[in-house]
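Engineer: My questions concern the predicted model and sequence given below.
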2 protein chains.
Amino acid sequence: MAYRAPVNEFRFLMEHVVGFDKVAATDRFTDATADMVDAILTEAAKMCDEVIAPINRDGDLHPARLENGVVRTPPGFGAAYQAIAEGGWIGMSASVENGGMGLPMTMTTAVNDMMSGACLALQLNPLMSQGQIEALEHHGSDFIKETYLPKLISGEWNGTMNLTEPQAGSDVGALRTKAEPNGDGSYAISGQKIYITWADNDFTANTCHLVLARLPDGVPGTKGISLFMVPKLIPDADGKPAERNSLRIVSLEHKMGLHGSPTAVMEYDCAKGWLVGAEHGGMAAMFTMMNNARLGVGTQGIGIAEGALQHALAYAMDRKQGRAPGTGTIVEHADVRRMLATMKSEVFAARAIALMNAVAIDMSTATGDKAWTARAAFLTPICKAFGTDIGVELAATGIQVFGGMGFIEETGAAQYARDVRVSTIYEGTNGIQAMDLVARKLMDGGEAAFALLDEIEQGAENAKATHPELAEAVWQAAETLRETTEWLVSQDDLTNRFAGAVPFLRAFARVLGGHAHLSAAINGDVARLKLATFYIMRVLPEHVGLLAHAREGGDDLMAITAEELAG
Amino acid sequence: MAYRAPVNEFRFLMEHVVGFDKVAATDRFTDATADMVDAILTEAAKMCDEVIAPINRDGDLHPARLENGVVRTPPGFGAAYQAIAEGGWIGMSASVENGGMGLPMTMTTAVNDMMSGACLALQLNPLMSQGQIEALEHHGSDFIKETYLPKLISGEWNGTMNLTEPQAGSDVGALRTKAEPNGDGSYAISGQKIYITWADNDFTANTCHLVLARLPDGVPGTKGISLFMVPKLIPDADGKPAERNSLRIVSLEHKMGLHGSPTAVMEYDCAKGWLVGAEHGGMAAMFTMMNNARLGVGTQGIGIAEGALQHALAYAMDRKQGRAPGTGTIVEHADVRRMLATMKSEVFAARAIALMNAVAIDMSTATGDKAWTARAAFLTPICKAFGTDIGVELAATGIQVFGGMGFIEETGAAQYARDVRVSTIYEGTNGIQAMDLVARKLMDGGEAAFALLDEIEQGAENAKATHPELAEAVWQAAETLRETTEWLVSQDDLTNRFAGAVPFLRAFARVLGGHAHLSAAINGDVARLKLATFYIMRVLPEHVGLLAHAREGGDDLMAITAEELAG
């Protein structure tokens, strides 16, 4: 039941569904030829299958632990990390001048998906570094860029994000960590941060913390927050890790999953830091990192869903039970087939959305066209929330396919469910994503949303001649979604939007999934057509109930008091 | 954040929603007066809150373990079990002549719900005994009844179910365990059984295994299976546990949750057993036990959902985050309110279904009316599958309310999710439940289903004057469900039914939930009305997508080959 990275899925999606040809046609990404894409996906897949996937269970069984202030990682994690670093996979999309490959985010997304399916606990480490690299490329001074980027891109050092404090979670503006100027261009950072992913390890030469803190003249709230680079070991004049900084790992969390990945409480006690971006401009810099990470986390959910699918399918094709026709295995039972087809079609839909998101980022980067930028911004919360919801749901379905064995840890199905569970929470809970979608991402009056809906309906129109039933279903769903979107845009009271934000986001993902499956039906083989039919006729109708919910507004909901919920 | 058994919910549901007055009006259950019900629920709640809930976390942290062939249970489990036994809660519905209380199953269901919310790992133990008691009452010889029932009912001994073998899970007919007559009225039982819940412990004086095995002349499949009582210690002439039987605990499973509950692999090596029921009539006897257990397991899901709701709500009402109006806690955020209202309204719906199921059982017992028997049989798979699905989903929602803390084990939210996970699998997976619903439970041409739908539509008709919008929504949903039910009944090819069985079952539960909420809106206070409005306008519409799925039939689904799913 070994994991096999689904190279063909990426190939098909990039070629026939998400329009990667547009990316490859830009001056910026001329290197991304079909042959190049193929070679890179194949090489990454080989590493995921042979080097990363084999350590996944060990990470669960031998949690990262804290020994005398130092994190010890599970067996095999160091070697697998080296393979990722040496393959250049961390800096795939980083700038060439600092040692990156300058490849499209679409390809990084594909490779992150594969790595997540192979071992999520380890993949989190390079994912954090990728976000930090992007933040530094956009906001770092030359000194910061020269000192840190080559080492982060090569994987010699790793990066972390330090936002959360006990009283400041989703409300990052409530943070209390302080930064005082030292007078030499550096700052003294003091405070406690929690939930710091991969805050330390025993395989990179340095760990670079990007820390949000408030300068003495920083106003309360997010507008008074600045971002600082706070390395574990302060680089000397030659850029070599030298003096120990004044920071420490206080403890590691005992988590439901991702045992291989250390999650730390960190203490900064006048630790030396250097400003990244403008004073009080920390949130802007952090958002660069977070948007990257949100696409990345959505992709994590999809990777785990793929792993759970492969795992469940292999079991179902092997397990004999009941009077099943044909092979006599449980895959012949209609309900098991339904579960597996659901998994397969949902992974396809979510992956298409993630790659559409990445294509929009690439087109925005390559062309500067604001419409692409807006599309990327619109798709990011959908990708993050839907990708991770699907991860949680399909990992649960995977357990169900295993029956009693799914509850037994040795099987591995439970690990997928435990590991992926946090993905709907970190990098902004899925509720926060949905609120972002219906508020900030509709501030353009719905322009980005309607542009997408136009494209979906046009696609359906084009398909009506060859696939009338499927095309009609997708068109109708898009139209219902359009009406609800118009209604949301018309609501000035944001509570009316927020009350239905989560079902609206999911409905949007459903319709995007229908659009992607319709493209697959048109451009793919008979297997793609059958799966698209399954999705469009059986899964897509979920949008009706979701949109009914989304249009109910906030009054009735908010009228239910907390005391009544408790009563 | 301590668990508090929701006595008021049971009181309201019994009085105003599920028609418990009909049960109390029968000769059989004349003792179940309002005062009696109240006293019993209050007493059980006190035990759950004060004795059982406090051990829940210890059960997770200190798993049951096997030491020299003997199971050692977590700290506090023995004492809490004694409290359950001494309170008479195990034999609540057992016959008075053997020491039971002879109370309606509706009340046992309420108490089981409370105990599950307090500590699922421990509650599993009496649940298994309850099933065994019912099987023995219906199928045991006088010798078996006299020897075992008083001890099981008092809780001095506990009972288990032994169905599963490595090659015989959902397909129990594939079992290989053998029974050979010893010539003295006893049988020699030999074979291996897996997933045996509470197969041993260190707090009851004996453990009584009901074991499915095949006699030498038993035909292959389920028709050749017989049921045997195989005690760990063989009672002597005075009924005292004496000689050690030839059975052993081979190992305990390492599970995702329910660590406090030992799940064993058992080996029987010419162990002495006594026939229960007729030769080759084991399945009939076992079904008595399983039907009881299916209602019980559905109730487990509801109990955990209640626990998760209380836990999440307490956190949400305490946690300050973001610019929330009013209390400043996260419960003021629309999306958090949506999650909590979803939890509250779903628990209410699922609990109403479980109690409707129990009322039908009680009416069947009290009156022998076949219509009640058919209703109980129809509701059982819905209760089991929906109750446990809701348990899994709402435990996940609970984690989401906690945000980052939900992923940290110390919080306890993750334990609910891990513990409840098996409930959608054991006692027949939820897929098996749905297949039972659309095949066996529609063999009456849909009579039981349509009788329920008539009642639901009548209820909606009656409510149209006072609650027009809610009544119309419920009526319309019932009508759509009726059409799909008619379509299913008309399908001779069972694959067409099985392909949509799971969404059909869920849609039926949705509509039953709408019916229950409508009753609550009519008979309850303004809080009930608001929650009913939330459910009927926002949650109930899910039935549209589910029924679209259910009516697609099997052809398109089964056309997707396993190879295509793997491709």
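Structural biologist: Perfect, thanks for sending it.

Engineer: Residue ranges in chain A under the pLDDT threshold?
Structural biologist: In the prediction, chain A carries no residues with pLDDT under 70.

Engineer: ok, now which ones touch the residue nearest the centre of it?
Structural biologist: Closest to where the C-alpha atoms of chain A average out (CA atoms, centre = their mean) is A:V297, at 1.7 Å. By CB atoms under 8 Å, 6 or more residues apart in numbering or on different chains, the contact set of A:V297 is A:127, A:384, A:387-388, A:423, A:426-427. C-beta here means a position set from N, CA and C on the backbone, and glycine is covered the same way.

Engineer: the strands in the stretch 251-400 of chain A, which residues?
Structural biologist: A:263-276 (DSSP state E, counting those that start in this stretch).

Engineer: hey, where'd the helices end up in the stretch 101-250 of chain A?
Structural biologist: For the stretch 101-250 of chain A, the helices defined by DSSP state H, counting those that start in this stretch occupy A:105-118, A:120-139, A:142-154.

Engineer: What is the first one packed up against?
Structural biologist: I take that to be helix A:105-118. helix A:34-47, helix A:120-139, helix A:282-316, helix A:334-367 (3 or more CB pairs under 8 Å, 6 or more residues apart in numbering or on different chains; DSSP states H and E).

Engineer: For that helix, output the C-alpha coordinates as PDB.
Structural biologist: C-alpha atoms of helix A:105-118 as PDB (Å, rounded to 0.1, in the frame of the first residue of the first chain):
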ATOM      1  CA  MET A 105       4.100  28.300  -8.400                       C
ATOM      2  CA  THR A 106       1.900  25.800 -10.200                       C
ATOM      3  CA  MET A 107       4.800  23.300 -10.200                       C
ATOM      4  CA  THR A 108       5.700  24.000  -6.600                       C
ATOM      5  CA  THR A 109       2.100  23.300  -5.800                       C
ATOM      6  CA  ALA A 110       2.200  20.000  -7.500                       C
ATOM      7  CA  VAL A 111       5.400  19.000  -5.800                       C
ATOM      8  CA  ASN A 112       4.100  20.200  -2.400                       C
ATOM      9  CA  ASP A 113       1.000  18.100  -2.900                       C
ATOM     10  CA  MET A 114       3.100  15.000  -3.600                       C
ATOM     11  CA  MET A 115       5.400  15.600  -0.600                       C
ATOM     12  CA  SER A 116       2.300  16.200   1.700                       C
ATOM     13  CA  GLY A 117       0.800  12.800   0.600                       C
ATOM     14  CA  ALA A 118       4.200  11.200   1.300                       C
END
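
Engineer: Now the stretch 101-250 of chain A against chain B: closest residue?
Structural biologist: For the stretch 101-250 of chain A, the residue closest to chain B is A:D171, as judged by CB to the nearest CB, at 4.3 Å.

Engineer: List the contacts of that residue.
Structural biologist: B:321-323.

Engineer: Save the helices and strands packed on helix A:105-118 as CSV, and put in distance to B:M107 too.
Structural biologist: As requested, the helices and strands packed on helix A:105-118 are exported to CSV (distance: least, CB to CB, whole Å):
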stretch, distance to B:M107
helix A:34-47, 59
helix A:120-139, 46
helix A:282-316, 40
helix A:334-367, 34
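
Engineer: Any idea which of those gets closest to A:A413?
Structural biologist: helix A:282-316 (6.3 Å; CB to CB).

Engineer: Distance from the chain centre to the closest one, please.
Structural biologist: 4 Å (CA atoms, centre = their mean, to the nearest Å).

Engineer: In that helix, which residues are buried?
Structural biologist: Neighbour-count burial for helix A:282-316 flags A:282-286, A:288-316 (criterion: 16 or more other CB atoms under 10 Å in any protein chain shown).

Engineer: Next: stretch A:400-414.
Structural biologist: Those would be A:400-409, A:411-414, for stretch A:400-414 by 16+ other CB under 10 Å.

Engineer: what does stretch A:371-388 give?
Structural biologist: By neighbour count on 16+ other CB under 10 Å, the buried set for stretch A:371-388 is A:372-388.

Engineer: and among the helices of the stretch 101-250 of chain A, the most buried is which?
Structural biologist: helix A:105-118 (a mean of 29; mean count of other CB atoms under 10 Å in any protein chain shown).

Engineer: end to end, how far does stretch A:254-261 reach?
Structural biologist: One end of stretch A:254-261 sits 11 Å from the other (CA to CA, to the nearest Å).

Engineer: Please identify which helix or strand holds A:I432.
Structural biologist: helix A:430-438 (DSSP states H and E).

Engineer: Can you list the neighbours in contact with that helix?
Structural biologist: Contacts for helix A:430-438 (CB under 8 Å, 6+ apart): A:170, A:294, A:378, A:381-382, A:384-385, A:388-389, A:424, A:428, A:488, A:494, A:497-498, A:500-502, A:504-505, A:508, B:333, B:335-336, B:339, B:400.

Engineer: Repeat that for stretch A:2-10.
Structural biologist: Against stretch A:2-10 from outside (CB under 8 Å, 6+ apart): A:41-42, A:44-45, A:48-49, A:53-54, A:56, A:110, A:113-114, A:117-118, A:306-307, A:310-311, A:348, A:351, A:355, B:567.

Engineer: Quick one: end-to-end distance for it.
Structural biologist: 19 Å.

Engineer: And that stretch, how far out from the chain middle?
Structural biologist: The answer for stretch A:2-10 is 18 Å, by CA atoms, centre = their mean.

Engineer: Repeat that for stretch A:222-242.
Structural biologist: The answer for stretch A:222-242 is 26 Å, by CA atoms, centre = their mean.

Engineer: How about stretch A:386-396?
Structural biologist: 12 Å.

Engineer: Is chain B within reach of it?
Structural biologist: Yes: against chain B, stretch A:386-396 shows contacts by CB under 8 Å from any CB of the partner chain at A:392, A:396.

Engineer: got the buried residues for that stretch?
Structural biologist: A:386-396.

Engineer: Ok, stretch A:37-57 next?
Structural biologist: A:37, A:40-41, A:44-45, A:47-49, A:51-53, A:55-57.

Engineer: So which of those residues reach chain B?
Structural biologist: Okay, of the buried residues of stretch A:37-57, nothing touches chain B (CB under 8 Å from any CB).

Engineer: Many thanks, I have nothing further to ask.
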